[in-house]
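Undergrad: using only what follows, build the 3D model:
(one chain, ligands or ions: 1)
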Amino acid sequence: MELDNAITNRRSIRKFKPELLKKEHIEAILDAGNKAPSAKNIQQWRFHVFQGEAKDKFAKFCLREFGKKEDHPDVNPYAKNSFKVMDQAPVNILIYNAQPMPFPAKPDIQSVSAAIQNMLLKAYDLGLGSLWICDILYVEDEVNEYLKTDMQLLAAIAFGYADSTPRDIRKLTVEDVTVWHE
Ligand SMILES: Cc1cc2nc3c(=O)[nH]c(=O)nc-3n(C[C@H](O)[C@H](O)[C@H](O)COP(=O)(O)O)c2cc1C
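TA: Here you go, the predicted structure:
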């Protein structure tokens, strides 16, 4: 039942209270991600956690680097909001794929995505809001240089106590997305 509640009611949160998160809550979220299934049990996810001053510095860096490219015609004009959410949230976690590329990438990306979804559901279970952010990929090279890593950045997640209630959105029905063969 609790799982049903989290699956049904988890929503993307884009406004957070400034309140800091308990370290044990962040650890529980990381633990949930780390328990995900993975292709060949490689457990290819890697996490970088930013909080406190390190988060402020990192999020400002991302906003600044994104600002250098936001006028490019290929850049989604709404992406800046994702960087503002990262700046506002008390915790940012970066999610990496540790498998070297090129390698058949789909199983690795699916494995890391499973970890991300576990983390979002665990956050909800703890009374926290979250936002899965792929707009971070606009500054992928800059972030990798910041962290001195050559792993594959897949996403950022912003976490915090929700300070907004998301408006209702239309979700497709199972009938919309399913073909039965029987
Ligand atoms: C792979 C992926 C990437 C996403 N990237 C972003 C993002 O960069 N910025 C953002 O505001 N939301 C992002 N989202 C959140 C989606 O917009 C959101 O999940 C979708 O609108 C459905 O809303 P819900 O999460 O409230 O159900 C992303 C979600 C997924 C699964």
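
Undergrad: who are the packing partners of the longest strand along the chain?
TA: Determined from DSSP state E, the single longest strand within the chain is strand 152-160. If contacts are counted by 3 or more CB pairs under 8 Å, 6 or more residues apart in numbering; DSSP states H and E, strand 152-160 sits against helix 79-88, strand 91-97, helix 105-125, strand 129-133, helix 140-147. Yep, even glycine has a C-beta here, placed from its N, CA and C like the rest.

Undergrad: and the spatially most central residue of the chain, how far from Pro77?
TA: Geometric centre of the chain, nearest residue: Ile157, 2.7 Å, by CA atoms, centre = their mean. Noted for Ile157: a distance of 22 Å to Pro77, by CB to CB, to the nearest Å.

Undergrad: now do Ser164
TA: For Ser164, the distance to Pro77 - CB to CB - is 21 Å.

Undergrad: higher neighbour count, these two?
TA: A direct count of neighbours by other CB atoms under 10 Å for Ser164 and Pro77 places Ser164 higher, at 12 against 8.

Undergrad: residues contacting that one?
TA: Ser164 sits next to 13-15 when contact means CB atoms under 8 Å, 6 or more residues apart in numbering.

Undergrad: sec struct for it, please.
TA: coil (DSSP: H, G, I helix; E, B strand; the rest coil).

Undergrad: state the pLDDT value of it.
TA: Per-residue confidence for Ser164 comes out at a pLDDT of 93.

Undergrad: ok, now Pro77?
TA: 86.

Undergrad: what does this protein put close to the ligand?
TA: 11-12, 82, 131-135, 166, 169 (CB under 6 Å from any ligand atom).

Undergrad: out of those, which comes closest to Lys122?
TA: Nearest to Lys122 among the residues of the chain next to the ligand, counting by CB to CB, is Trp132 at 13.3 Å.
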